[in-house]
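Peer 1: What shape does this take:
(chains A, B, C and D)
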Amino acid sequence: MSIIVRLQSEIFDPGTETNAFLKANSKAGAAVTFTGLVRSEPKNPITSLTLEHYPPVAQAQLEDFAQKAITRFDLLKATIIHRYGKMLPGEPIVQVMTLAPHRRAAFEGAEFIMDFLKTGAPFWKKETGKNGEVWVAAECRDDDARKRWE
Amino acid sequence: MSIIVRLQSEIFDPGTETNAFLKANSKAGAAVTFTGLVRSEPKNPITSLTLEHYPPVAQAQLEDFAQKAITRFDLLKATIIHRYGKMLPGEPIVQVMTLAPHRRAAFEGAEFIMDFLKTGAPFWKKETGKNGEVWVAAECRDDDARKRWE
Amino acid sequence: MKILYFAWLRERLNRGEETVFPPDSVKTIADLMDWLAENDEAIALAFEKRDLIKTALDEIIVEHDTPVKDAKTIAFFPPMTGG
Amino acid sequence: MKILYFAWLRERLNRGEETVFPPDSVKTIADLMDWLAENDEAIALAFEKRDLIKTALDEIIVEHDTPVKDAKTIAFFPPMTGG
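Peer 2: Numbering: from 1, shown residues only, chains lettered A, B, ... in the order given. I've put the predicted structure just below:
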């Protein structure tokens, strides 16, 4: 199976996931791992981030993005791990991994998946900080990022 | 210290390196790990790959590329691990890691470093296979990849 | 027909799920939104900026002009902010 | 002046390092390559396609037109194939 999509509330270990993904494939020359982390900037610190999601649609959309990336960039495999529920600053939210014969495909495949995932899969972020709970607004630059693949 | 460049003959563990790199930085929202692997394709299998290098110049060039990436893409940090000597199919050759507030910078920083590293740092690959030992020829597409950042 | 609400829509409406029985005049998702808004002031307010409301019909993300005939579940949610 | 050879240059010439004493007429790396080639058939052959030979002067990668005055170490090597 060349695609794995996992939605989970539990924290995951980025390095362990990377090593599991890299397991022997002699045609592979390039692997890219993208890890998205809960950010808490000094000028706007947060105490936690909560992700709500729509499970069946999130799963289907991520599988679709992974499949499109594999076809378009000729990847050997792709894995997406996405958390939901409550998480703390510094913790991983998402990890996207791609494996390809050459580096350009691995980089592009991972970026493609991330660009679609940001605005195309039903997840919603809520930050908890000194101003209480705030739903994170969608960003135009994320729509633009997605459009560059059209 | 925001830049680490390590040249070593010993094998390294990609996941352990990723986790060490990800160690708490609350401004970080995005981390990219690129791992280059020894490829052995069925139609042209190799038994080993040997990398020769020019140590002081390789170290200086990689530090320069990492510094340029940090400045250009506003990265929080960058690490490059590059092996030399003999390695086997499936083993990691190189790992480039970048950390940034947002994903685009982390992706671009890692690609930038890899594109420069391929043709701009004094390493030379020799493949050992059924045809004996063959020095790997430089590829035009690697020069092109480097030029796109100019 | 089951209606799902997510994120700030769910919070504002104080419910994540409800079952409704729209009249035959409701042909599309846009019609359904109009009809829901007519009958509930909180929904009317939440749906004010229509292009900020995304929808899924039977677990497929679709546009507002999609027919709702035979649909089992319609979900309403704000723009997605994954990753 | 110390000369270093890497990769297939080193293998073909059967040495990774040598010390040479070029005459004053050798002003640039290109001159040095001409002079080395004059005195060694293997080098002449290895240096035949000049643009395939890269060089470093005192551990800095430079072009062939760089002056060699006061240089301690000149390295010759094929196009790099890292990563």
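Peer 1: The closest residue to A:Ile93 other than its chain neighbours: helix or strand, and which one exactly?
Peer 2: Excluding its sequence neighbours, the residue lying closest to A:Ile93 (C-beta to C-beta, 6 or more residues apart in numbering or on different chains) is A:Gly36, at 4.6 Å. Where you see a C-beta, it was placed from the backbone N, CA and C, and this is true even at glycine. Element membership for A:Gly36 (DSSP states H and E) is strand A:30-37.
Peer 1: For the chain, which segments count as strands?
Peer 2: Here I'm looking at chain A. Counting by DSSP state E, the segments of chain A that form strands are A:3-8, A:30-37, A:46-53, A:77-83, A:85-87, A:92-100, A:123-129, A:132-135.
Peer 1: switch to chain C, that's the one I care about
Peer 2: C:2-5, C:17-19, C:54-57, C:60-62, C:73-77.
Peer 1: B:Val134: which of those is closest?
Peer 2: Comparison of the strands of chain C against B:Val134 by C-beta to C-beta identifies strand C:60-62 as nearest, at 51.1 Å.
Peer 1: now check that closest one, is it near chain A?
Peer 2: Yes: residues of strand C:60-62 contacting chain A under C-beta under 8 Å from any C-beta of the partner chain: C:60-61.
Peer 1: Centre of the chain to that strand, how far?
Peer 2: Strand C:60-62 has its C-alpha centroid displaced from the chain centroid by 12 Å (C-alpha atoms, centre = their mean, to the nearest Å).
Peer 1: same question, stretch C:71-83
Peer 2: Taking C-alpha atoms, centre = their mean, one finds stretch C:71-83 lying 8 Å from the centre of the chain it belongs to.
Peer 1: how long is it end to end?
Peer 2: Start to finish, the residues bounding stretch C:71-83 are 30 Å apart (C-alpha to C-alpha, to the nearest Å).
Peer 1: List the buried residues in it.
Peer 2: By 16 or more other C-beta atoms under 10 Å in any protein chain shown, the buried positions in stretch C:71-83 come out as C:71, C:74-83.
Peer 1: Take the residues you listed and write them to a markdown table, including distance to B:Leu49 and pLDDT.
Peer 2: Converted to a markdown table, the buried residues of stretch C:71-83 look like this (distance: C-beta to C-beta, whole Å; pLDDT from 0 to 100):
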| residue | distance to B:Leu49 | pLDDT |
| --- | --- | --- |
| C:Ala71 | 57 | 97 |
| C:Ile74 | 56 | 98 |
| C:Ala75 | 52 | 98 |
| C:Phe76 | 55 | 98 |
| C:Phe77 | 50 | 98 |
| C:Pro78 | 51 | 97 |
| C:Pro79 | 47 | 97 |
| C:Met80 | 43 | 97 |
| C:Thr81 | 43 | 96 |
| C:Gly82 | 39 | 96 |
| C:Gly83 | 36 | 94 |
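Peer 1: and the angle from the strand holding A:Gly36 to strand B:92-100?
Peer 2: On the basis of axes from the mean of the first three to the mean of the last three C-alpha atoms, to 10 degrees, strand A:30-37 is oriented at 30 degrees to strand B:92-100.
Peer 1: Run through the neighbouring helices and strands of strand A:30-37.
Peer 2: helix A:14-22, strand A:92-100, helix A:103-120, helix B:14-22, strand B:30-37, helix B:103-120 (3 or more C-beta pairs under 8 Å, 6 or more residues apart in numbering or on different chains; DSSP states H and E).
Peer 1: And for C:Leu4, nearest residue in space, chain neighbours not counted?
Peer 2: Once flanking residues are discounted, C:Leu4 sits nearest to C:Ala75: 4.0 Å by C-beta to C-beta, 6+ apart.
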